[in-house]
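Student: Build me a model from this:
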Amino acid sequence: MESFICICCERRRRAADGHVTVGELGVCRDCWSRISKVPDLDCFEGTRHTELLIAPFYYGGVMKRTILRYKFQNQRAYGSVFAQLVAEYAAQFGFLGEYDALVSVPLSRKRLLERGYNQADLIAKPVARRLGLEHLHNGLFRSRNTLPQSTLRGAERFINVREAFIADPRKIDGKNIILFDDVFTMGMTMESCAAELKEKGAGKIAAMSLAVVKNHV
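Tutor: Numbers count the residues shown, from 1 in each chain. Presented below is the predicted three-dimensional model:
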């Protein structure tokens, strides 16, 4: 491969200018230098039902713009590059060997039909493979449509996702699970998912995301 398209600046770059490449896509060194990164081996506090949170990037600037294109402009191919970056970061944490499986936060049926793909699951599946974990496809479902959390504030966020998820106990029971979402904002979606996973027999639960909102960790 002599060149690639950078998912951040959307320019064609020489292969030598790539920080990471996956097929014909990647992140160039210029954009990589401008992405706000979480320090290596840094963990954030979990929620009531999660042990901790691991995320390689802060949600802002270059990364925020790229994630928004990924989610809302049908750039699903970006998922393979994001997965490579998440897996490289997560592989530093030796204790992840204590976990058995990875499951992503599900979309509502309505939003899945509108978008055509679950942006979190497109990242989660190859991350699970690279980390040697079972990928629990459809381990979690949304029991009802919810509003986008980004449109809500305060207690509205908690009410919106409370008891909004159903876990399949046949896939969950007795397993330590990593719960993945693309962006961690205030943790209420993760908390609701983790509570349901615990209810259905999961052991330890760690949260993992591509990016975390800096003001809420």
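Student: End to end on stretch 100-109, go ahead and measure it.
Tutor: Between the opening and closing residues of stretch 100-109 there is a gap of 27 Å (C-alpha to C-alpha, to the nearest Å).
Student: Number of residues surrounding R69?
Tutor: When neighbours are defined as other C-beta atoms under 10 Å, R69 has 15 of them. Placement of C-beta: from N, CA and C, glycine included.
Student: For it, give me its contacts.
Tutor: With contacts taken as C-beta atoms under 8 Å, 6 or more residues apart in numbering, R69 has the following neighbours: I7, Q75, Y78.
Student: Can you verify my assumption that the last one contacts L25?
Tutor: In other words, Y78. Yes: in this structure Y78 lies within contact range of L25 using C-beta atoms under 8 Å: 6.9 Å.
Student: Which one of those two is surrounded by more residues?
Tutor: Each of Y78 and L25 had its neighbours counted (other C-beta under 10 Å), and the higher figure belongs to Y78 (22 against 19).
Student: do you know how far that one is from T66?
Tutor: Distance from Y78 to T66, counting by C-beta to C-beta, to the nearest Å: 7 Å.
Student: and Q75, what is it in contact with?
Tutor: By C-beta under 8 Å, 6+ apart, the contact list for Q75 reads I7, R69.
Student: Quick check: phi and psi at it.
Tutor: Main-chain dihedrals, Q75, degrees, to the nearest 10: phi -100, psi 50.
Student: what does C9 give?
Tutor: C9 has phi and psi values of phi -100, psi -10 when expressed as degrees, to the nearest 10.
Student: Past the helix-or-strand element of the chain with minimal mean pLDDT, which element shows up next along the chain?
Tutor: Within the chain, judged by mean pLDDT, DSSP states H and E, the helix or strand with the poorest mean is helix 155-161; its value is a mean of 49. The first helix or strand that comes after helix 155-161 along the chain, using DSSP states H and E, is strand 165-167.
Student: tell me what the next helix or strand after that next one is packed against?
Tutor: Counting by DSSP H and E, the element after strand 165-167 in chain order, helix or strand, is helix 169-172. If you count contacts as 3 or more C-beta pairs under 8 Å, 6 or more residues apart in numbering; DSSP states H and E, helix 169-172 packs onto strand 101-104.
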